[in-house]
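>>> turn this into a structure:
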Amino acid sequence: MHAIEVTLIRPALKRELRAARHKCPIPLAVSADRTRLLTVIRTANRQVALSGVWAALGDLLPIDTLSTAYPGKDGMHLLSVQVSDEVYARVRDAAAASGQDPDEYATRVLRDGMSRDRADEAARLNTLLDRLVAEFGPEQITAAAARRIALQSEAVTASG
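Numbering: from 1, shown residues only. Got it, this is the predicted structure:
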């Protein structure tokens, strides 16, 4: 069994959801704002589950992405997006040039981009911390951080 989250481009119309429930052989749980759905599908593996959901719902709902709701044994989620033939051809050509299949290539490119984003974020944070440390003492920074965390914690508790 594989749980798949469906993210829609826009909120689904009630008639689209009725049609999907009527024509689709898989169960659907719909978010209150009708922009996300969750389904559970019995298949051999996660890739087949994603393909099965595309096949069942692709013509019925304005799907943006599909993703596995839970990580696999590798700790990773799978993300599935449909791309134009032109984009797929470019990915296929770049993958062939690097000696990879298109899925491996896209996975590598996405992971590399995420790693760069994490490194950029860490560098920005270190730069800001360097400026704080140059101007304030460790006790002042720690006290200010503790106050901010407490305020955010109180806000979350009050809204929940």
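>>> just the buried residues of the lengthiest helix in the chain, please?
In the chain, assigned by DSSP state H, the helix with the most residues is helix 102-135. For helix 102-135, a neighbour-count test (16 or more other C-beta atoms under 10 Å) marks 102, 105-106 as buried. The way it works is simple: take the backbone N, C-alpha and C, and place the C-beta from them, glycine included.
>>> would you mind pulling up the elements that that helix packs against?
Secondary-structure packing of helix 102-135 (3 or more C-beta pairs under 8 Å, 6 or more residues apart in numbering; DSSP states H and E): helix 85-97.
>>> how about residues contacting the helix it packs on?
83, 101-102, 104-106 (C-beta atoms under 8 Å, 6 or more residues apart in numbering).
>>> what angle do that helix and helix 102-135 make?
90 degrees (axes from the mean of the first three to the mean of the last three C-alpha atoms, to 10 degrees).
>>> show me how far stretch 53-69 is from its chain's centre.
14 Å (C-alpha atoms, centre = their mean, to the nearest Å).
>>> same deal with stretch 91-109?
21 Å.
>>> could you do stretch 34-45 as well?
On C-alpha atoms, centre = their mean, the centre of stretch 34-45 falls 14 Å from that of its chain.
>>> same thing with stretch 43-54?
In this view, stretch 43-54 has its centroid 17 Å away from the chain centroid, taken as C-alpha atoms, centre = their mean.
>>> what comes up buried for it?
In stretch 43-54, counting by 16+ other C-beta under 10 Å, buried: 46, 49-54.
>>> stretch 18-25 too?
20, 24.
>>> L79 touches P71, doesn't it?
No. Using C-beta atoms under 8 Å as the test, L79 is too far from P71 to be in contact (11.7 Å).
>>> what angle sits between the helix or strand in which A144 is found and helix 102-135?
A144 belongs to helix 138-159 when assigned by DSSP states H and E. If you take the same axes, to 10 degrees, helix 138-159 sits at 120 degrees to helix 102-135.
>>> and helix 138-159, how far out from the chain middle?
Distance, centroid of helix 138-159 to centroid of chain: 29 Å (C-alpha atoms, centre = their mean).
>>> what about L79 and P71, which has more around it?
Counted by other C-beta atoms under 10 Å, L79 and P71 do not tie: L79 has more neighbours, with 15 against 11.
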